[in-house]
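Novice: Any chance you can model this:
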Amino acid sequence: MVTEVATFNVLAGQEDSFYSAYLAARPHLSQYPGCRSAILSRVVELPSTFVLRVEWDRIEDHLDGFRASDAYVEWRKLLSPFFDGDPSVIHLVEP
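Specialist: Numbers count the residues shown, from 1 in each chain. As a prediction, the model looks like this:
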């Protein structure tokens with residue numbers, strides 16, 4: 001298993017709209033093969049920043065599967081209007 005951690009900086013004043021868009025976009029992600037879970041959190045100290053943690057069976061399910069899919073295109077189309085800059089994405093594995 002691998003955990004994707006994506007950080008989104010959202011345009012100030014658009015946080016609630018971003019969250020609503022995430023709820024609409026979430027099924028594109030959570031129902032994708034290899035996705036075990038997806039949890040979005042808001043950063044307390046930086047209220048325009050959100051962190052998404054996604055557990056994948058394999059890193060390839062994310063990079064070669066989801067990222068190359070129509071589901072990703074739809075997911076991104078719903079969320080990207082609210083981005084303040086590009087998201088940062090890292091992947092974590094247990095040692």
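
Novice: And the strands in the chain, which stretches?
Specialist: With strands called from DSSP state E, the chain shows them at 2-9, 35-42, 49-56, 88-92.

Novice: Please name the strands paired to the second one in the sheet, noting orientation.
Specialist: According to DSSP bridges, the neighbouring strands of strand 35-42, each with its direction, are strand 49-56 (antiparallel).

Novice: Check which residues of the partner strand are buried.
Specialist: 49-52, 54-56 (16 or more other CB atoms under 10 Å). Using the backbone N, CA and C atoms, a C-beta is placed for each residue, glycine as well.

Novice: which residues sit against that strand?
Specialist: Residues from elsewhere that reach strand 49-56 (CB atoms under 8 Å, 6 or more residues apart in numbering): 1-10, 15, 18-19, 22, 29, 34-43, 62.

Novice: And that strand, how far out from the chain middle?
Specialist: Relative to the mean C-alpha coordinate of its chain, strand 49-56 is positioned 5 Å out (CA atoms, centre = their mean, to the nearest Å).

Novice: tell me the angle that strand makes with strand 88-92.
Specialist: 40 degrees (axes from the mean of the first three to the mean of the last three CA atoms, to 10 degrees).

Novice: I'd like the average pLDDT over strand 49-56.
Specialist: Averaged across strand 49-56, the pLDDT comes to 98.

Novice: angle of it against strand 2-9?
Specialist: Going by the same axes, to 10 degrees, strand 49-56 makes 160 degrees with strand 2-9.
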